[in-house]
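A.B. asks: 3D, please:
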Amino acid sequence: MEVSELKIFLTVARKGSISRAAEELHCVQSNVTTRIKQLEERLGTLLFHRKSKGVSLTHSGHLLLDYAERIIALAKEAEEAITNPDEPKGRLSIGTMETTAAVRLPPLLVNYHRLYPQVELNLVTGPSETSLKRLLDFQVDGAFVAGEIAHADLIAEKAFEEELVLVTPPDLTSLEQINPSKILVFRAGCSYRAQLEGWLRRTGRLPYQIMEFGSIEGIMGCVAAGMGVTFLPRSVVERPQYQDNCSFHRLPKDVAEMVTWLVRRRGETPGKALQALMDLIG
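C.D. replies: Below is the predicted model:
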C-alpha cells in the first residue's frame, strides 16, 4: 500500500462521497474511483459500500481506517523529523473553542508567528466534543478543549484556567432572580453549555428552552436584548464592548472553575511545530 492511496482512502471515508473527496484532493473523480478500486483489488476486499448517494465503509474499511490514520501520522512525523531537524516548519492544525480563539489565543499566536514564521498555522473552531473527535480522526494535531478528558488515546495538559460567570440581561442583579425560560449557548458538545445545563438541573431552574448560536457576538447580543442567559468565561465577557450591556454574576466555586486543556494523541511524539506551541504555553 502506498501512503498516497491511504490518503485518498481516508478522504473518501471522511467525506462519505467520491465526488466530495475529489474536490478536497483537487483531482478528477475518475482518478479517485480508480485508486480506490486498485486498493480494493490489492487487498482482495471491498472497502466501501456504494450507494445512490455517497459511500459508507464496509467492515474491512473500518479495520483499515485505524491503520491508515496511524500510518499517515507516522509518515508525517518521519518526514518532519528528517527534513526539519531544527526549526519548526510546515502545517499545524489546532482545534479550539470559539471563546479560546477570541481571547486567549491571539497574543499567544502573535508570539508564535514571530518566533516560527515558517509554520502554517490553521485554527479550526468548534465545541470541545467536536474538537476531540477531529483530534481522534487525525484532522487536527492538537486541540484546546474544556471539561473532563477521559479518553485513553489522548493526553491533556493544562493550558488556561477560566472562571465561568452567569451572563444575564442588565436588569437582573442577583442569582436569586434567575429563573430562565431560555438559555443561549453554543451547539451540543460545548463544555460551557454542559456546565450551565447541569447547574440549572441541580438548582431546580426548570424547564428551559435552548437557543443555539455559532458566535460569542450572537450570544452576547441576544443576552443584552433580554432573550435569555448564558455561561461564559469572565475573560470573554469582561471585554469593553460587553461591559455596559449585560450583568455578570459570580458562581459557586465548584461551578465556576473550568480548565482549558491542550490535548494531543497518546503514543505520538509531538511534531516540532506542536511542541513549540506547548512550550510557549508552559
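A.B. asks: after the lowest-mean-pLDDT helix or strand in the chain comes which helix or strand?
C.D. replies: The weakest-scoring helix or strand in the chain, judged by mean pLDDT, DSSP states H and E, is helix 59-83 (a mean of 85). With elements assigned by DSSP states H and E, the helix or strand that comes after helix 59-83 is strand 90-96.
A.B. asks: what is the orientation angle of that next one with helix 59-83?
C.D. replies: 120 degrees (axes from the mean of the first three to the mean of the last three CA atoms, to 10 degrees).
A.B. asks: ok, which stretches of the stretch 1-150 of the chain are strands?
C.D. replies: 48-50, 55-57, 90-96, 119-125, 142-146 (DSSP state E, counting those that start in this stretch).
A.B. asks: closest one to Gln29 among the ones you listed?
C.D. replies: strand 55-57 (12.2 Å; CB to CB). Glycine gets a C-beta too; all of them are placed from N, C-alpha and C.
A.B. asks: so where's this structure uncertain?
C.D. replies: 81, 83-85 (pLDDT under 70).
A.B. asks: what sits closest to the residue positioned nearest the centre of the chain if chain neighbours are left out?
C.D. replies: With distances taken as CA atoms, centre = their mean, Ser131 lies nearest the centre of the chain, 2.2 Å away. Closest residue in space to Ser131, ignoring its immediate chain neighbours: Gly95 at 3.3 Å, by CB to CB, 6 or more residues apart in numbering.
A.B. asks: from what I see, that neighbour and Leu135 are in contact.
C.D. replies: Yes - the criterion here is CB atoms under 8 Å, and Gly95 meets it with Leu135 at 6.2 Å.
A.B. asks: what is in contact with these two at once?
C.D. replies: 142-143 (CB atoms under 8 Å, 6 or more residues apart in numbering).
A.B. asks: more crowded one of the two?
C.D. replies: Taking neighbours as other CB atoms under 10 Å, Gly95 and Leu135 compare with Gly95 leading, 27 against 23.
A.B. asks: and the gap between the more buried one and Thr260?
C.D. replies: 12 Å (CB to CB, to the nearest Å).
A.B. asks: please enumerate the shared neighbours of those two.
C.D. replies: Common neighbours of Gly95 and Thr260 (CB under 8 Å, 6+ apart) are 144-145.
A.B. asks: OK, contacts around the nearest residue to Ile155 once chain neighbours are set aside?
C.D. replies: Spatial nearest neighbour of Ile155, excluding adjacent residues (CB to CB, 6+ apart): Arg266 at 5.0 Å. Contact analysis of Arg266 by CB under 8 Å, 6+ apart lists 152-155.
A.B. asks: tell me the one of the residues you listed nearest Thr45?
C.D. replies: After measuring the contacts of Arg266 against Thr45 - CB to CB - the closest member comes out as Asp153, at 25.9 Å.
A.B. asks: tell me where this structure has helices.
C.D. replies: Ranges of helices within the chain are 3-15, 18-25, 29-43, 59-83, 98-99, 105-115, 128-136, 191-202, 216-224, 234-237, 253-256, 272-281, based on DSSP state H.
A.B. asks: which of those sits most buried?
C.D. replies: helix 98-99 (a mean of 22; mean count of other CB atoms under 10 Å).
A.B. asks: what comes into contact with that one?
C.D. replies: So helix 98-99 is in contact with 125-126, 186, 192, 214-216, 232-233, 236, going by CB under 8 Å, 6+ apart.
A.B. asks: list only buried entries from these.
C.D. replies: 125-126, 186, 192, 216, 232-233, 236 (16 or more other CB atoms under 10 Å).
A.B. asks: which of the strands of the stretch 1-150 of the chain has the highest mean neighbour count?
C.D. replies: Buried most deeply of the strands of the stretch 1-150 of the chain, by mean count of other CB under 10 Å, is strand 142-146, with a mean of 27.
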